[in-house]
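J.: From the sequence below, what's the structure:
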Amino acid sequence: MKFIFGILSFVTVGLIIGSISQLALLRQLEDSHGIPSLKNDKEADILRLGHVKPEVLSWSPRIILLRNFLSMKECEYLKALGYPHLQNSRVIDDKTGKGVDTKRRTSSGMFLSSKDRKHPMVQAIERRISIYAQVPVENGEPMQILRYEKNQYYEPHLDYFSDTYDLKNNGQRIVTMLMYLSDNIEGGETYFPKGGSGECNCGGKIVKGLSVKPVKGNAVLFWSMGLSGQLDLNSVHKACEVLSGTKWSAVKWMRQRAFHQGNDVRLNAPRYELY
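T.: Alright, predicted model coming up:
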């Protein structure tokens, strides 16, 4: 038995040494043939290549889960930006295009200002969103930071516009990037009733469809328009009730064309607030 154990140990050590040698050889080949390594690659850092793990959750509506989309440092920074400026969340009135209070949405939130958006970390996140969503950076609205406390929620809604004011000025919203900034939350899922025929959890209830649990650093990318360019009614979604903990998130909407904004977004935040 000692002899067999010795042979097995020798073989195991040999395999480990062989694997390390192969990795070293691959690195040498990369260097000698000009194949770029991820080390010291600024673009790779911005996109978090090697960290972000995409998973298609649904093709109709189109929903992609991006694990590790944000670093823990980025999550904390966005929360710190948002906390001092939180106000009651509002929704857009379809007839007037203005923000109104409603019991359908009980969170608090704020939009990043033009000054906030100049910070290198925010710019890196916005570029990352643009690349993964395949929509130019300039088509993005200012990022919104949201906080949901216990018993808070947002009833089922669509992110695209029905009023003519927003369509005339900046075009339709075509894709949403929803990023989770906190952990240890019970409830608070993002629920897509039309996202599948299976069962899932939503605020402690078992329901039909698809839901995504808020996990710090993860993001959900979903489209409000189908491949044909038509608005996708199946993209309806809900922020489920938070049962315990505090749910922080950041949301970025991307438009059909470049987004233009006259005033500081903190002064007229209800104009663009829908999620």
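J.: so how far is residue 113 from the closest residue to residue 197 other than its chain neighbours?
T.: Spatial nearest neighbour of residue 197, chain neighbours left out: residue 208 (6.8 Å); criterion: CB to CB, 6 or more residues apart in numbering. (C-beta placed from N, C-alpha, C; glycine too.) Using CB to CB, to the nearest Å, residue 208 is found at 40 Å from residue 113.
J.: How is this structure divided into domains?
T.: Residue ranges of the domains in the chain are recorded as 1-37, 48-271, according to automatic domain parsing.
J.: and among those domains, the most buried is which?
T.: The highest mean neighbour count among those, using mean count of other CB atoms under 10 Å, belongs to domain 48-271: a mean of 18.
J.: I'd assumed residue 223 was in contact with residue 62.
T.: Yes: look at residue 62 against residue 223 with CB atoms under 8 Å: they come within range, at 4.4 Å.
J.: what are the ranges of the helices in the stretch 51-200 of the chain?
T.: 72-82, 120-133, 164-170 (DSSP state H, counting those that start in this stretch).
J.: Keeping just the C-alphas, turn the shortest one into CSV.
T.: Okay, so that is helix 164-170. What follows is helix 164-170, C-alpha atoms only, in CSV (Å, rounded to 0.1, in the frame of the first residue of the first chain):
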residue,chain,number,x,y,z
THR,A,164,-44.7,61.7,-27.1
TYR,A,165,-42.6,64.3,-25.2
ASP,A,166,-39.7,61.9,-24.5
LEU,A,167,-39.9,60.2,-27.9
LYS,A,168,-39.6,63.6,-29.7
ASN,A,169,-36.6,64.8,-27.7
ASN,A,170,-34.4,61.7,-27.3
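J.: Report the separation between residue 216 and residue 69.
T.: Taking CB to CB, one finds residue 216 at 11 Å from residue 69.
J.: so which helix or strand takes in residue 214?
T.: Using DSSP states H and E, residue 214 sits within no helix or strand.
J.: What does the pLDDT read for it?
T.: Note on residue 214: pLDDT of 98.
J.: Residue 260 too?
T.: Residue 260 is given a pLDDT of 84.
J.: OK, contacts around it?
T.: Going by CB atoms under 8 Å, 6 or more residues apart in numbering, residue 260 touches 169-170.
J.: Quick one: end-to-end length of stretch 46-63, please.
T.: Start-to-end span of stretch 46-63 (CA to CA, to the nearest Å) is 22 Å.
J.: Ok, stretch 47-65 next?
T.: Distance across stretch 47-65, first residue to last, is 15 Å (CA to CA).
J.: In terms of secondary structure, what does whichever helix or strand residue 201 is part of contact?
T.: Counting by DSSP H and E, the element that carries residue 201 is strand 199-202. Helices and strands touching strand 199-202, by 3 or more CB pairs under 8 Å, 6 or more residues apart in numbering; DSSP states H and E, are strand 205-208, strand 210-212.
J.: Outside of that strand itself, list whatever touches it.
T.: 187, 189, 191, 206-211, 213, 238, 240.
J.: again, but for stretch 229-240
T.: 60-62, 107, 148, 153-160, 172, 187-195, 201-203, 211, 222-226.
J.: please redo it, this time with the cut-off set to 7 Å
T.: For stretch 229-240, the external contacting residues (CB atoms under 7 Å, 6 or more residues apart in numbering) are 60-61, 148, 153-160, 187-194, 202-203, 211, 222-226.
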